[in-house]
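K.L.:
Have a look at this prediction, sequence included:
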Amino acid sequence: MATPMEIDPPSSGSGSGSDAKGKNKRTAEDNLSTTTMKNSPPRIVSRHRNRRTNIATEFWGPEIPEDDDDTPMPDANSVPIPPRPFNIYKAMLRHSNLFFQLVLRMPYTELMHLYAIDKEFHYRLNHYSTSLLHDYARRYAPLAGHIFSWVLYPHMCISDPMLRPMDGRSWLARDGPGFRWIGMILWRQKVVRSILTMLSLEGHRLPAGCEATLMKFWCLMEMNRARVRAAFVQDVKIWTNRDLFQFQLFLVKLDMRLSDPILGNGVCQLGSMLLSQKSLSMLWNVLSGKLKLDYNTGSDVILRTYVSEELNFVANPTLDDDENENVPMEEEGILSLEGWNQYGKRMPHAIEMLFAETVRRHLRVEHCLLDFVLYGTADLRTGDNMPMPRLLRRDDGIQLPKLGMPSTKKMQKVIKNMDTAFGSKVLKKPLATHFM
C-alpha cells in the first residue's frame, strides 16, 4: 500500500502571510471544525400545495400514489405494508379499453359531474377528448350530431386540451367540439322528438323522416341573413324534394292540432308565428303546456315577430304601442329584419322561404293537401283505422296498440249481433242507433 506524500504549503515570497494576502485579508485556517464540513440537508419548515385534495377519493378510492423522496425505505425486518383494496372504478379507469366503454355508457349529466371532480378522469378524458366526444355524439344523437355539426358552431368549440397543433403549426392548437356542443345536440334532439311524439299522441302521426326535416328547419331558423337562408334552402343536397313535402305535411298536422276545438290553442296562423322564431323551443313549450298563450303573451310574440306594416292595429288594439308596454321599441319586428337588428333590412321568415322554394321547384304541393290530412289515420290498402299511440300512466312510457279503432261497418255488425243475442227494446231498430 502506497504511503501518502506530505506536501509542504507554499512559502510566502516576502513578509508575513497577512502581508502577502494584502490588507484586511486573513489566511486560510488549516484546522477546520468538523461540524461545518458535514453535508446536512436543509430543514423543511412547511409545504404549500396549489391544489386541494381530490374530493372524489372519498367515494371512488385513493388516487395514484405520488413519489415522495422524504419517505424512508422500509427495512427488510419491518412489518410489510398491506396492499391497497381493489377499486373497480380505478381499475376500469386505468384499463386501455374499458375506459372508453365507461365514458360512452355514462349519461351526460353524470359525465359532466365526474369530469369536474376527478382529476385522473379529467386528464384521461382530455387526452382522448376529440375521439371520445365524436363517439359519444354518434352513440346518443347520430342524426343531430350530423345536422348540427360542430363546425357550424365555433362559439361552442374549445382548443385541444393536449395542445395538439393544427395544420402542422406547433404554435396554434387545433379546435374541437366541447361539452357545450354535446349538450346542445342532445337538447335539440329531445325537443324535436318531443314535438313529433306530442302530435302523434293526439292523432296526428308523421313519418320518421320528419325528424331530420325539423332539424334542418331549426338550422334555417338560426340564420339571420336572407342570402344565407336562400343559399341553404336552394341547396338540393340539403333540402331535397322529399324534405319539402314532409315539412308541408308537418305544417298541416300542426295546424290541425292548434285549431282543434277541444285541445287546440288558437287558429292556424299560430303555427306560422311559432315557426318564425329563432328556434323550436317556443313551439315545444306551447305544445307541452309550459307556455300559456293569452292576449298579453301572444301580443308580445306578435310584436317581436312581425313588422308594424303587417299588423292591423285597428282590429287588434292590444298590439298598439300605448296599450302594450312589455316590448321595447327597438325589439318590435326584430325577427323580420336582417341580422335581427332594428336598423336591418326586411328579411322573409324561414317558413316563407320554404314556401317560395316549393313554388320555385314546381312541386305542386296544393294537390296533396287532402292526402296530408288523411295521412296516418287509415290504411289505404285495407281501409282499417291506424292505431293511435297512448301515453301510459305513472310515466310508464308510450304504448302502440296492435289494432286501431274498428270501422263503422264492424261496429254496426257487432251491435246487431248483440241486439240479436240480448234483444232490442225498439222493434226493428238496434239499441245503439239512439246513441250514434
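P.N.:
Structure received. Residues are numbered from 1 along each chain as shown.

K.L.:
The stretch 201-350 of the chain: helices as residue ranges?
P.N.:
Secondary structure of the stretch 201-350 of the chain (DSSP state H, counting those that start in this stretch): helices at 210-222, 226-233, 241-258, 269-274, 281-288, 295-305, 350-360.

K.L.:
what does the second one rub up against?
P.N.:
Where contact means C-beta atoms under 8 Å, 6 or more residues apart in numbering, the residues beyond helix 226-233 that reach it are 219-220, 223, 238-239, 338, 345, 347-348, 350, 353-354, 357. Where you see a C-beta, it was placed from the backbone N, CA and C, and this is true even at glycine.

K.L.:
do that again at 7 Å, thanks
P.N.:
Residues from elsewhere that reach helix 226-233 (C-beta atoms under 7 Å, 6 or more residues apart in numbering): 220, 223, 238, 239, 338, 347, 348, 350, 353, 354, 357.

K.L.:
Give me the pLDDT value at the third one.
P.N.:
Residue 238 carries a pLDDT score of 94 in this model.

K.L.:
And the strands in the chain?
P.N.:
157-159, 165-166, 169-173, 175-177, 390-391, 398-399 (DSSP state E).

K.L.:
Can you say which of the ones you listed is packed in most?
P.N.:
Greatest average neighbour count among the strands of the chain goes to strand 175-177 (a mean of 19), per mean count of other C-beta atoms under 10 Å.

K.L.:
quick one: low-confidence parts of the protein?
P.N.:
Within the chain, the segments meeting pLDDT under 70 span 1-41, 44, 46-78, 317-324, 393-396, 399-400, 402-407, 423-436.

K.L.:
tell me the domain boundaries of it?
P.N.:
88-181, 208-374 (the TED database).

K.L.:
closest to residue 413 out of those domains?
P.N.:
Evaluated over the domains of the chain, closeness to residue 413 peaks at domain 208-374, with 24.0 Å, by C-beta to C-beta.

K.L.:
end to end, how far does that closest one reach?
P.N.:
End-to-end distance of domain 208-374 (C-alpha to C-alpha, to the nearest Å): 17 Å.

K.L.:
Skipping its backbone neighbours, what lies nearest residue 243 in space?
P.N.:
Nearest non-adjacent residue to residue 243, counting by C-beta to C-beta, 6 or more residues apart in numbering: residue 213, 4.9 Å away.

K.L.:
so what's the one you found up against?
P.N.:
243, 246, 247, 250.

K.L.:
Test my guess that the last one contacts residue 210.
P.N.:
Spelled out, that is residue 250. Yes - using C-beta atoms under 7 Å, residue 250 makes contact with residue 210 at a distance of 5.4 Å.

K.L.:
give me the number of residues near residue 366?
P.N.:
Using other C-beta atoms under 10 Å, residue 366 has 10 neighbouring residues.

K.L.:
That one and residue 254: what is the separation?
P.N.:
17 Å (C-beta to C-beta, to the nearest Å).

K.L.:
same check, this time on residue 223
P.N.:
21 Å.

K.L.:
who's more crowded, these two?
P.N.:
Neighbours were counted for residue 223 and for residue 254 using other C-beta under 10 Å; residue 254 has more, 22 against 18.

K.L.:
which ones are touching the more buried one?
P.N.:
Applying C-beta under 7 Å, 6+ apart to residue 254 gives the contacts residue 271.

K.L.:
Identify the residues contacting the residue nearest to residue 264 when sequence neighbours are not counted.
P.N.:
What sits nearest to residue 264 in space, not counting adjacent residues and going by C-beta to C-beta, 6+ apart, is residue 258, at 5.2 Å. By C-beta under 7 Å, 6+ apart, the residues touching residue 258 are 264, 265, 266, 268, 270, 271.

K.L.:
would you turn the residues you listed into JSON lines with distance to residue 133 and neighbour count?
P.N.:
JSON lines is the format used below for those (distance: C-beta to C-beta, whole Å; neighbours: other C-beta atoms under 10 Å):
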{"residue": "264", "distance to residue 133": "42", "neighbour count": "15"}
{"residue": "265", "distance to residue 133": "38", "neighbour count": "18"}
{"residue": "266", "distance to residue 133": "41", "neighbour count": "14"}
{"residue": "268", "distance to residue 133": "42", "neighbour count": "14"}
{"residue": "270", "distance to residue 133": "38", "neighbour count": "21"}
{"residue": "271", "distance to residue 133": "36", "neighbour count": "24"}
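
K.L.:
Throw those into TSV and include distance to residue 135, thanks.
P.N.:
TSV is the format used below for the contacts of residue 258 (distance: C-beta to C-beta, whole Å):
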residue	distance to residue 135
264	43
265	41
266	44
268	43
270	41
271	38
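
K.L.:
is it true that residue 379 touches residue 386?
P.N.:
Yes - with contact defined as C-beta under 7 Å, residue 379 counts as touching residue 386 (6.2 Å).

K.L.:
These two: which is more packed in?
P.N.:
Ranked by neighbour count (other C-beta under 10 Å), residue 379 and residue 386 place residue 386 first, with 16 against 10.

K.L.:
Now for that one: which residues touch it?
P.N.:
Contact analysis of residue 386 by C-beta under 7 Å, 6+ apart lists 205, 376, 377, 378, 379, 404.

K.L.:
ok, these vs residue 195, which is closest?
P.N.:
For the contacts of residue 386, the closest approach to residue 195 (C-beta to C-beta) belongs to residue 205, at 13.0 Å.

K.L.:
Compute the number of surrounding residues for the closest residue to the closest one other than its chain neighbours.
P.N.:
Computed as C-beta to C-beta, 6+ apart, the closest residue to residue 205 that is not its neighbour in sequence is residue 376, at 3.0 Å. Here the number of neighbours of residue 376 (other C-beta under 10 Å) works out to 17.
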